[in-house]
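Asks: okay, sequence plus prediction incoming.
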Amino acid sequence: MFDDEMYINFEFMNEYKGLTFKDRKTDYEFDYKTLYETEISIALPEGFKIEKKPENLKIIDEDYEIEANFTLKGNTNKKKKSFQFKNALLRKKHLESWAAAHKKLLEFYNSSITLTKS
């Protein structure tokens, strides 16, 4: 905590963080189709409110979908992430769009929530 601000980063799993294809020239095949969801809840400390939170993320592609968002209900903040690889495949023609989506995902992972005393 600094002065009257507290910073919270919910991220500890970094799912698919290493899934980069900088020099790949062919399709990438997963072992199986994937639907992976996580949800983390945290109670806000008494006397604090959310001042700033990351933008929600929603990316839909023919091969995959990524969704990550925060919701506040009462004094509980929830972070939910969902990854779906629909065909167990990232086709070569989608690797460029994956790179852009991956960049946004890393930005989301590196962001934090700022709490201030209310």
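Replies: Alright, I've got the coordinates.
Asks: looking at it, Asn14 is touching Tyr109, isn't it?
Replies: Yes: Asn14 is in contact with Tyr109 according to Cβ atoms under 8 Å; the separation is 5.5 Å. Heads up, the C-betas are built off the backbone N, CA and C, glycines and all.
Asks: ok, those two, which is more surrounded?
Replies: Neighbour count, other Cβ atoms under 10 Å: between Asn14 and Tyr109, Tyr109 has more, with 20 against 11.
Asks: against Leu115, how distant is that one?
Replies: Using Cβ to Cβ, to the nearest Å, we find Tyr109 at a distance of 19 Å from Leu115.
Asks: show me what the most centrally placed residue in the chain is bridged to.
Replies: When the chain is reduced to its mean C-alpha position, the closest residue under Cα atoms, centre = their mean turns out to be Ala68, at 4.5 Å. Beta-bridge pairing for Ala68 (DSSP bridges): Leu57, Lys81.
Asks: check contacts around it.
Replies: Asn56, Leu57, Lys79, Lys80, Lys81, Ser82, Leu105, Phe108 (Cβ atoms under 8 Å, 6 or more residues apart in numbering).
Asks: next, the residue nearest to Tyr28 when sequence neighbours are not counted: phi, psi?
Replies: Closest residue in space to Tyr28, ignoring its immediate chain neighbours: Leu90 at 4.3 Å, by Cβ to Cβ, 6 or more residues apart in numbering. Backbone torsions for Leu90, taken as degrees, to the nearest 10, come to phi -110, psi 110.
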